[in-house]
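Colleague: sharing a model that was predicted from the sequence below.
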Amino acid sequence: MHNRHFRLDNTVQHYDWGSPTRIHELLGSTPDGRPAAELWLGAHRSAPSTVLDAAPGDVPEQVSLADLVQGDPEGMLGRRVADAFGPRLPYLLKVLAADRALSLQVHPRPHHARAGFNRENLDGLPHGSPDRSFHDDQHKPEMVVALSQFEGLVGFRTPRAVLSLLDGLDGPLVATVRSVLAADRSARGIRAAFTGLVASRHDAGTPAALEASLESVRRRLDGGSPYERADRTVMLLAEQHPGDPGALVSLLLNRVTLEPGESLFIPAGVVHAYVSGLGIEVMASSDNVLRAGLTSKRVDEAALVECAVFEPSGPTVPTVTTSGDRGQVHTYRVPVEEFGLVVADVDEEETLTFPSEGPRIVLCLDGKAVLHGTHDDLVLARGESAFVPHAAGPLQVGGHGHVVCVWTP
């Protein structure tokens, strides 16, 4: 029967910027010394979740969520979602735990994703190859909701703001950026300044040029910098990624801090780099990340520049609505079709109504959540999750704890 809830087992991704403890604390597992960066909940081909408790005669034991959806798209997704996105789950939910900065990156828009994926297929690059920049043909807008204080760099500052930050800093890299932006204070100038910095990683003289700029940042900090947060970000990135001019690129980008419950929307094409923190990420189901620095993974400056938006803009904040008798339900919406997110504190006083149709994934972050469906109930403890198919009907959640639910609006 496909009209019930399915408990999930999910993949932990061990990237070098991850926290060795935070995701293990959520899952109640023993740290193994490796950085646990992301927990993936979804059906992306790179790491689909597994259905744990398939009933005899229902689906094969240990079936992947991707196969479950493809086996019955209408029952799993509903006709509306299946017609819009085909026989696949359109979103991917993650828990992200960053102890170090993520790469300087951008996600492609739909036409760039299709063109890049097809190009690499024609070049004969196998799926999963580390030489790939495009792992699928999907765009990847994403939203992050902070679970702890969450630090990041998102979108470009105005040229005027960048020139103010550069005032008093020395070195040929800074001088070039200053000259470019002084001559052209438009998106073209930002593009030229950005591409010049990221391309300088290939120049033999860059280590010395970068150190000259870093030394001037140190001097400014020692003298009581009026731009302390920006300067400390430069020094942090330089410490984590020695010799990478991406540390100076941070001066071109908006520096943001999210407190728990605050959120950001990152449209495809927006250059960004998360710096640290624990958060919930939800995105279109894609693994396309184009990197230009601050990483040990593949760097593809040309693809990033082709896909990036260089118009200055402040961070985009999702629309958040509050409901529930005590204002304990927060619904986050952004202008994409693939996903919306509910973050709620459930308690014994009120059973909450969650999105009633389409494919839903529910994750219990703390305490205990009881998923009440038309055909069955399922109890989730801290770190446990479930897929609720369209055929399961309306979903109500009780218990006592902190819960997130992603769905397709």
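Modeller: Sure thing, it's come through. Numbering: from 1, shown residues only.

Colleague: dump the residue contacts of the most centrally placed residue in the chain.
Modeller: The centre of the chain sits closest to residue 281, judged by CA atoms, centre = their mean, with a distance of 4.9 Å. By CB atoms under 8 Å, 6 or more residues apart in numbering, residue 281 lies in contact with 38, 93-96, 142-144. C-beta here means a position set from N, CA and C on the backbone, and glycine is covered the same way.

Colleague: from these, pick the one nearest residue 183.
Modeller: The shortest gap between residue 183 and any of the contacts of residue 281 belongs to residue 142, at 34.2 Å (CB to CB).

Colleague: low pLDDT regions in the protein?
Modeller: Under the criterion of pLDDT under 70, the regions of the chain flagged as low confidence span 1-2, 53-61.

Colleague: may I see the PyMOL selection of the buried members of the contacts of residue 281?
Modeller: To isolate the buried subset of the contacts of residue 281 in PyMOL, counting by 16 or more other CB atoms under 10 Å, use the following:
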select buried, resi 38+93+94+95+96+142+143+144
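
Colleague: what's the most distant pair in the contacts of residue 281?
Modeller: In the contacts of residue 281, two members sit farther apart than any others by CB to CB. They are 38 and 143, at 14.9 Å.

Colleague: ok so, going back, and the residue nearest to the centre of the chain, how far is that from residue 344?
Modeller: According to CB to CB, to the nearest Å, residue 281 and residue 344 sit 18 Å apart.

Colleague: for residue 375, same thing?
Modeller: Spatial separation of residue 375 from residue 344 under the definition CB to CB is 22 Å.

Colleague: who has more neighbours, those two?
Modeller: residue 344 (21 against 11; other CB atoms under 10 Å).

Colleague: ok so that one is a strand residue?
Modeller: Yes. With the criterion set as DSSP: H, G, I helix; E, B strand; the rest coil, the secondary structure at residue 344 is a strand.

Colleague: against residue 401, how distant is it?
Modeller: Residue 344 is 9 Å from residue 401, where distance means CB to CB.

Colleague: identify the contacts common to the two.
Modeller: Common neighbours of residue 344 and residue 401, counting by CB under 8 Å, 6+ apart, are absent.

Colleague: got the domain boundaries for this protein?
Modeller: Here the chain is described, according to automatic domain parsing, as comprising the domains 11-74+89-153+258-307, 163-248, 319-407.

Colleague: want to throw those into a markdown table with distance to residue 81?
Modeller: Written out in a markdown table, the entries for those read as follows (distance: least, CB to CB, whole Å):
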| stretch | distance to residue 81 |
| --- | --- |
| domain 11-74+89-153+258-307 | 7 |
| domain 163-248 | 36 |
| domain 319-407 | 5 |
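
Colleague: of the ones you listed, which approaches residue 83 most closely?
Modeller: Residue 83 lies closest to domain 11-74+89-153+258-307 among the domains of the chain, at 9.3 Å (CB to CB).

Colleague: and that closest one, end to end?
Modeller: The stretch domain 11-74+89-153+258-307 measures 29 Å between its terminal residues, going by CA to CA, to the nearest Å.

Colleague: in the stretch 301-409 of the chain, which spans are strands?
Modeller: Defined through DSSP state E, counting those that start in this stretch, the strands belonging to the stretch 301-409 of the chain, from first to last, are 319-323, 329-333, 340-346, 352-354, 360-372, 377-381, 385-388, 395-407.

Colleague: name the nearest residue to residue 212, ignoring sequence neighbours.
Modeller: Computed as CB to CB, 6 or more residues apart in numbering, the closest residue to residue 212 that is not its neighbour in sequence is residue 171, at 3.4 Å.
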